[in-house]
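Asks: my questions concern the predicted model and sequence given below.
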Amino acid sequence: MKILVVEDQIPLLTQIEKLISKEGYVCETASDFKMALEKVWSFSYDLLVVDINLPGGSGLEIIRKVKNEHPKTAIIVISARDSTANKIEGLEIGADDYITKPFEMAELLARIKSVLRRYFFQGDSTISYGDITLDTNNQTVEVNGTILDLTKSEYKILLFFFSNEGRVLTREGMAEHVWGDHMDLADSFDFIYSHIKNLRKKIRDAGGVDPIKVVYGVGYKLHSRPKS
């Protein structure tokens, strides 16, 4: 999962970035309105955590633009204690949740996980696809009851596939979501092929059915969901 945090208080921004990255998410940051707009125009995100009061503009305007261009992007508003009107407006224009300053990092993390579960996994912390079960809380993958020994990158790739069921995923898009925005500067994305090859082998070696299909000349997608 890829998250953009927009917050002008640098110590708080750094704290949130460390929190999110430690949980295994890809975290990008912006500290003002202009920087945030450049990010959302150039890249796509699964979730935005946006402060309302920003240098150069309002976080509400960022929410409007994101929801117009990427309506499936989840959004959490960071608001000041006395900004009830802003919280209400943020929710009305598409934000999914809000948190009021000052807040505990544990509360923010719980809200992030809750919003992502609602958006991508119907509120559940586990996702099953055929004989594969992915646990987002423990960041584990089981095949027929056997826990796979996956690298962090392999886990993130499989989670990205499960979060985008039915979509064809390019290597470039996968690299950006799994490793961050700076990957758009990479000369080659051949390393993605190696990670996917290893992931598919580990699933097959555990007796599972490989869910990943090659779309030649484009990228990859999941096979049609197995019928229960």
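Replies: Now that the structure is in, tell me what you want to look at.
Asks: list the residues that contact the residue sitting nearest the centre point of the chain.
Replies: The centroid of the chain falls nearest to Met1 when counting by Cα atoms, centre = their mean (2.2 Å). Neighbour list for Met1: 25-26, 46-47, 116, 120, 159-160, 163, 177 [criterion: Cβ atoms under 8 Å, 6 or more residues apart in numbering]. To be clear about C-beta, it is placed using only N, CA and C from the backbone, and glycine gets the same treatment.
Asks: tell me the one of these nearest Phe33?
Replies: Of all the contacts of Met1, Phe33 sits closest to Leu47, with 18.8 Å by Cβ to Cβ.
Asks: show me how the protein divides into domains.
Replies: Domain assignment of the chain by automatic domain parsing yields the ranges 2-121, 126-222.
Asks: make TSV out of those domains and add mean pLDDT.
Replies: Formatted as TSV, these follow (pLDDT from 0 to 100):
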stretch	mean pLDDT
domain 2-121	91
domain 126-222	87
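Asks: reformat these as CSV; add mean neighbour count.
Replies: CSV is the format used below for the domains of the chain (neighbours: other Cβ atoms under 10 Å):
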stretch, mean neighbour count
domain 2-121, 17
domain 126-222, 16
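Asks: so Gly208 sits against Tyr129, correct?
Replies: No: if you go by Cβ atoms under 8 Å, Gly208 and Tyr129 don't touch, sitting 9.8 Å apart.
Asks: about what we covered before: among the contacts of Met1, which lie within helices?
Replies: 116, 120, 159-160, 163, 177 (DSSP state H).
Asks: can you dump the C-alpha atoms of stretch 212-227 in PDB for me?
Replies: Provided in PDB are the C-alpha atoms of stretch 212-227 (Å, rounded to 0.1, in the frame of the first residue of the first chain):
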ATOM      1  CA  ILE A 212      -0.500 -14.600 -11.300                       C
ATOM      2  CA  LYS A 213      -1.000 -14.400 -15.100                       C
ATOM      3  CA  VAL A 214       1.400 -12.800 -17.500                       C
ATOM      4  CA  VAL A 215      -0.200 -10.300 -19.900                       C
ATOM      5  CA  TYR A 216       2.400 -10.300 -22.600                       C
ATOM      6  CA  GLY A 217       3.700  -6.900 -23.600                       C
ATOM      7  CA  VAL A 218       1.900  -5.200 -20.700                       C
ATOM      8  CA  GLY A 219       2.400  -6.700 -17.300                       C
ATOM      9  CA  TYR A 220       0.600  -9.000 -15.000                       C
ATOM     10  CA  LYS A 221      -2.800  -9.700 -13.500                       C
ATOM     11  CA  LEU A 222      -4.500 -12.200 -11.200                       C
ATOM     12  CA  HIS A 223      -6.200 -15.200 -12.800                       C
ATOM     13  CA  SER A 224     -10.000 -15.200 -12.500                       C
ATOM     14  CA  ARG A 225     -10.900 -15.800  -8.900                       C
ATOM     15  CA  PRO A 226     -11.300 -19.600  -8.200                       C
ATOM     16  CA  LYS A 227     -14.900 -20.600  -7.700                       C
END
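Asks: residues in contact with it?
Replies: 129-130, 161-162, 165-171, 173-174, 196, 199-200, 209-211.
Asks: so Ser128: helix, strand or coil?
Replies: strand (DSSP: H, G, I helix; E, B strand; the rest coil).
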